[in-house]
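Asks: Sequence first, then the predicted structure:
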Amino acid sequence: MEEQGNSIRYREVSTRRIRPTLPDIDVPLLIELHDNWQSSYAEDGVVVVHYDGVVHYTLCDKRSHHIFYAALALNKLSLR
C-alpha cells in the first residue's frame, strides 16, 4: 500500500526499491513472520510505504519493516 498525500494506492513494488527507515530489528517478530510466511503478506497491501516521487519507497511502520525483512530472507522479488 502506498500513501500519497490523502490518497492510498495499491501497487506492486520491487524489494530493491524499498528503503527501511527504522534502525532496530525485532528478531523474534522477524523469525515469526519468516517461519509463518503467508502469501497475503506480499499480496494484500499490508506493507505500508510512502513514495516521495523519486526512486525509493520508504517503509512506514514496524510491521511493514519486518514483513519486508522476512521477504528478503525468503527471496521474494516484490511486495504489493
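Replies: Now that the structure is in, tell me what you want to look at.
Asks: Contacts for the strand or helix carrying residue 66 next, please.
Replies: Assigned by DSSP states H and E, residue 66 belongs to helix 62-73. Outside helix 62-73, the residues that touch it by CB atoms under 8 Å, 6 or more residues apart in numbering are 15, 18, 20-22, 25-26, 29-30, 33-34, 37, 41-42, 46-49, 59, 79. In short, each C-beta sits where N, CA and C put it, glycine included.
Asks: Ok, stretch 26-45 next?
Replies: 1, 10, 46-47, 62-63, 66-67, 69-71, 73-74, 76, 78-80.
Asks: Just the buried positions in that stretch, please.
Replies: Across stretch 26-45, burial judged by 16 or more other CB atoms under 10 Å covers 29, 30, 33, 34, 37, 41, 42, 45.
Asks: Tell me which of the residues you listed has the lowest pLDDT.
Replies: Across those, the smallest pLDDT goes to residue 45, namely 66.
Asks: so where is the chain shaky, pLDDT-wise?
Replies: For the chain, the stretches with pLDDT under 70 are 1-8, 45.
Asks: how about the helices of it, start to end?
Replies: 27-35, 39-43, 62-73 (DSSP state H).
Asks: any chance of the buried residues of stretch 26-45 in a markdown table, with distance to residue 53 too?
Replies: What follows is those, written out as a markdown table (distance: CB to CB, whole Å):
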| residue | distance to residue 53 |
| --- | --- |
| 29 | 30 |
| 30 | 30 |
| 33 | 29 |
| 34 | 32 |
| 37 | 31 |
| 41 | 26 |
| 42 | 24 |
| 45 | 20 |
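Asks: picking that back up, out of the helices of the chain, flag the one nearest residue 55.
Replies: helix 62-73 (16.4 Å; CB to CB).
Asks: pull the CA atoms of the closest one into CSV?
Replies: What follows is helix 62-73, C-alpha atoms only, in CSV (Å, rounded to 0.1, in the frame of the first residue of the first chain):
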residue,chain,number,x,y,z
LYS,A,62,7.3,-1.6,12.3
ARG,A,63,5.2,-4.5,10.9
SER,A,64,5.9,-3.4,7.3
HIS,A,65,9.6,-3.3,8.1
HIS,A,66,9.6,-6.8,9.4
ILE,A,67,7.5,-8.2,6.6
PHE,A,68,10.0,-6.6,4.2
TYR,A,69,13.0,-8.2,6.1
ALA,A,70,11.2,-11.6,6.0
ALA,A,71,10.5,-11.2,2.3
LEU,A,72,14.2,-10.5,1.7
ALA,A,73,15.2,-13.6,3.7
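Asks: All set, thanks.
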